[in-house]
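Q: Next one to model:
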Amino acid sequence: SVIPATSSVIPATSSVIPAKAGISSADFNALANFDILAFTSTNGVESFFRQLFAAGYDVRVLAGKKIASVGKITEKKLLEYGIRCDYVPEDHTGEGLGRLLASLLVDHSRILLLQGNLADDTLLKLLPQATRWVVYETLPVAELPEWKREAVAGADAVVFASTSAVENFSAVLSNVIPAK
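A: Numbers count the residues shown, from 1 in each chain. Below you'll find the predicted structure:
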């Protein structure tokens, strides 16, 4: 039998364009130096294209580039911008993407990794010739409003979509719930 359930979405992080870095017009001009653009998240896709359009460019700057996606959800987000992926690994992880690209490419391929500030070095280790651009920052939510704390307190289960969400949620709760 099916047990009825209700759900609430309670973000524990937010994604923003980096305050200090971001992508400049000069960076977009440098896209000509890369053969492959590798997107590792939907946040990376959205942030990249917001910055691309804000700088006065459009998708034509990607003409001739191979596009790689970490997985199907990121691939679907790219399609929203009219971009089809050339490479999507069976294993939808950074390691899976790195292994796929490493197996397909020759040493002179120039790869651009479009990632967030919390990305680990997995792809850089598997693809030492790659360059990383930080296209968004993941920031913790400073506090949970009362209604969100009540929703969590009454929940039978809490599901998180990322490690950073768990870490940030725990940090926020540690400021609200006294240690036992």
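
Q: What about Q51, how many residues nearby?
A: Look at Q51: counted by other C-beta atoms under 10 Å, it has 20 neighbours. C-beta: built from backbone N, CA, C; applies to glycine.

Q: need the contact list for the residue most central in space within the chain.
A: Centroid check for the chain by C-alpha atoms, centre = their mean gives S41 as the closest residue, at 3.0 Å. Residues counted as contacts of S41 (C-beta atoms under 8 Å, 6 or more residues apart in numbering) are V70, T74, Q115, G116.

Q: What does the pLDDT read for the second one?
A: Spelled out, that is T74. pLDDT, T74: 96.

Q: Next, it: secondary structure please.
A: State at T74, reduced to three classes by DSSP: H, G, I helix; E, B strand; the rest coil: helix.

Q: and the strand ranked longest in the chain, what other elements does it pack with?
A: Of all the elements of type strand in the chain, the one with the most residues (DSSP state E) is strand 131-140. Contact here means 3 or more C-beta pairs under 8 Å, 6 or more residues apart in numbering; DSSP states H and E; on that basis strand 131-140 packs against strand 13-16, helix 42-54, strand 111-116, helix 163-176.

Q: Pull out the buried residues from the helix or strand that comes right after it.
A: As assigned by DSSP states H and E, the chain's next helix or strand after strand 131-140 is helix 146-153. Residues K148, R149, A151, V152 are the ones in helix 146-153 that count as buried (16 or more other C-beta atoms under 10 Å).
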